[in-house]
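J.: here is my input, please return the structure:
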Amino acid sequence: MTTSSLSTGQKIARLALVGAIPLALVLLLLWAGGWLTPQRLSANNLVAVLQQSGGEHPGYRRNHAKGVCVIGNFISNGNASAISRAALFAPGTTPVIGRFAIAGGNPNAPDYAVPVRSMALAFRLADGEQWRTGMNALPFFPVATVDGFYDQQVASMPDPATGKPNPEKMKAFVTKHPEAKAFMAWVKQYVPSSSWANDRFNSLNAFRFIDKAGNAHLVRWSMVPQTGYQPISAQDKNDKNFLQDDLKQRLAQGPLKWDLVITVAQPGDVSNDASKAWPVDRQTINAGTLVLDRTVPQQQGPCNDINYDPLILPNGIAASDDPLLNARSAAYAKSYNLRTHEQAKQSGGSL
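T.: Numbers count the residues shown, from 1 in each chain. Below you'll find the predicted structure:
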């Protein structure tokens, strides 16, 4: 049927359909940004509460603002290729650009004042794909949901009168999100390490490895240090940048190494709740060794322009149904857009 043979009513209907497509796209974008449902917890809300907690520091990430770039390689031993068809798990070497950081939005915070540390990595595969992952030196996440993370940030903000979180607000937060009790108990007995080099970093969120036959395997992963653990010392607390200084000294003496250990779930293990650790008897696979040999200040380093979005995944790795993953991805994108725009303005350029 040609356009000329259509009735007037059919022409109007077709025009309405064509016009509805861009309108739907606009509505989708507005919804994603939280404009149509302001009560919904959006990336804007998450970034705003992080900025409120850490203060305004233009040009920096809204969380994990203080950090350094690291450069090295991942040397795969081929063991993980049995459960994932991702090219980086075949025997061989993959270049890596990473970043060590401490939690929070203040790039000037003393290293010793922030016990939560992170390792972010971008694996650059030979075929052009990338695997980006952000891990934390925690055994499990404090909360199970996006709302819980938001409520935690609000409850833990210092009271202007005392400079410390309001106990009543923290009590109400734990009552609303009881899974946080396990994390609070862990924090009380936790002694931070003396170095990024001897920290173990965990994915916390679950993912799915897809093998060559198309079968899915629920997994989490960890970077397990080959450097022995040592607790933070009183001397470390005299240097606000002791983690960065320590890293420079260690790398001047030689590369630092971690084993990439994949933990494989069993039926019944949760896939959508990062606040629950899996039993310690689960199968583990040593997939290879991360070797870091150089560090560079973040503002001038290659990690500065990388958004370590946990959903940038190669063929052979897929997201699970953990709700925190989509929230992290959206918040990371929002933070990235804000800081790169600010950096461009600071340098006199434009985006």
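
J.: tell me where the stretch 1-150 of the chain has strands.
T.: Secondary structure of the stretch 1-150 of the chain (DSSP state E, counting those that start in this stretch): strands at 66-76, 92-102, 117-124, 130-136.

J.: for the shortest one, packing partners?
T.: When you say that, I think you mean strand 130-136. Contact here means 3 or more C-beta pairs under 8 Å, 6 or more residues apart in numbering; DSSP states H and E; on that basis strand 130-136 packs against strand 117-124, strand 201-202, strand 216-225. Yep, even glycine has a C-beta here, placed from its N, CA and C like the rest.

J.: Throw the ones you listed into TSV and include mean pLDDT, thanks.
T.: Shown next, in TSV, are those (pLDDT from 0 to 100):
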stretch	mean pLDDT
strand 117-124	98
strand 201-202	98
strand 216-225	98
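
J.: thinking again about what came up before, turn the strands of the stretch 1-150 of the chain into JSON lines, including distance to residue 294 and mean neighbour count.
T.: Below are the strands of the stretch 1-150 of the chain laid out as JSON lines (distance: least, C-beta to C-beta, whole Å; neighbours: other C-beta atoms under 10 Å):
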{"stretch": "strand 66-76", "distance to residue 294": "4", "mean neighbour count": "22"}
{"stretch": "strand 92-102", "distance to residue 294": "10", "mean neighbour count": "21"}
{"stretch": "strand 117-124", "distance to residue 294": "14", "mean neighbour count": "22"}
{"stretch": "strand 130-136", "distance to residue 294": "19", "mean neighbour count": "21"}
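
J.: got the ones you listed as TSV, with distance to residue 232 columns?
T.: Listed next are the strands of the stretch 1-150 of the chain as TSV, based on distance: least, C-beta to C-beta, whole Å:
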stretch	distance to residue 232
strand 66-76	16
strand 92-102	12
strand 117-124	11
strand 130-136	17
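
J.: nearest to residue 173, out of those?
T.: strand 130-136 (19.7 Å; C-beta to C-beta).

J.: list the contacts of that closest one.
T.: By C-beta atoms under 8 Å, 6 or more residues apart in numbering, the list of residues contacting strand 130-136 from outside reads 86, 88, 103, 116-125, 201-204, 221-223, 306-310, 312-314, 317, 328.

J.: what segments of the stretch 201-350 of the chain are helices?
T.: Assigned helices in the stretch 201-350 of the chain, in chain order: 242-253, 323-346 (criterion: DSSP state H, counting those that start in this stretch).

J.: that should have said the stretch 51-200 of the chain, apologies.
T.: Using DSSP H, counting those that start in this stretch, helices in the stretch 51-200 of the chain cover 146-155, 167-176, 180-189.

J.: I'd like those helices as JSON lines, with distance to residue 250 appended.
T.: As requested, these are exported to JSON lines (distance: least, C-beta to C-beta, whole Å):
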{"stretch": "helix 146-155", "distance to residue 250": "33"}
{"stretch": "helix 167-176", "distance to residue 250": "37"}
{"stretch": "helix 180-189", "distance to residue 250": "27"}
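
J.: now, of those, which is deepest in the fold?
T.: Most buried of the helices of the stretch 51-200 of the chain, by mean neighbour count (mean count of other C-beta atoms under 10 Å): helix 146-155, with a mean of 19.

J.: relative to helix 180-189, how tilted is that helix?
T.: 50 degrees (axes from the mean of the first three to the mean of the last three C-alpha atoms, to 10 degrees).

J.: and the helices and strands packed on strand 130-136 as JSON lines, adding distance to residue 94?
T.: Formatted as JSON lines, the helices and strands packed on strand 130-136 follow (distance: least, C-beta to C-beta, whole Å):
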{"stretch": "strand 117-124", "distance to residue 94": "5"}
{"stretch": "strand 201-202", "distance to residue 94": "18"}
{"stretch": "strand 216-225", "distance to residue 94": "14"}
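
J.: worst mean pLDDT among the helices of the stretch 201-350 of the chain?
T.: Of all these, helix 323-346 carries the lowest average pLDDT, namely a mean of 85.

J.: most tightly surrounded among the helices of the stretch 201-350 of the chain?
T.: Most buried among these, given mean count of other C-beta under 10 Å as the contact rule, is helix 323-346, at a mean of 18.

J.: show me what it is packed up against.
T.: helix 43-54, helix 146-155.

J.: so that helix versus helix 146-155, what angle?
T.: 50 degrees.

J.: run the chain-centre distance for helix 323-346.
T.: 12 Å (C-alpha atoms, centre = their mean, to the nearest Å).

J.: keeping just the C-alphas, turn it into CSV.
T.: Below are the C-alpha coordinates for helix 323-346, written out as CSV (Å, rounded to 0.1, in the frame of the first residue of the first chain):
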residue,chain,number,x,y,z
PRO,A,323,19.7,-4.4,42.1
LEU,A,324,22.8,-2.6,43.2
LEU,A,325,24.5,-3.2,39.9
ASN,A,326,22.2,-1.0,37.8
ALA,A,327,22.2,1.6,40.5
ARG,A,328,26.0,1.6,40.6
SER,A,329,26.2,1.9,36.8
ALA,A,330,23.8,4.8,36.7
ALA,A,331,25.4,6.7,39.5
TYR,A,332,28.9,6.1,38.1
ALA,A,333,27.8,7.6,34.7
LYS,A,334,26.2,10.6,36.4
SER,A,335,29.4,11.2,38.5
TYR,A,336,31.6,10.8,35.4
ASN,A,337,29.6,13.3,33.4
LEU,A,338,29.7,15.8,36.2
ARG,A,339,33.5,15.6,37.0
THR,A,340,34.6,15.5,33.3
HIS,A,341,32.5,18.7,32.7
GLU,A,342,34.0,20.3,35.7
GLN,A,343,37.5,19.3,34.7
ALA,A,344,37.0,20.8,31.2
LYS,A,345,35.8,24.1,32.7
GLN,A,346,38.9,24.1,35.1
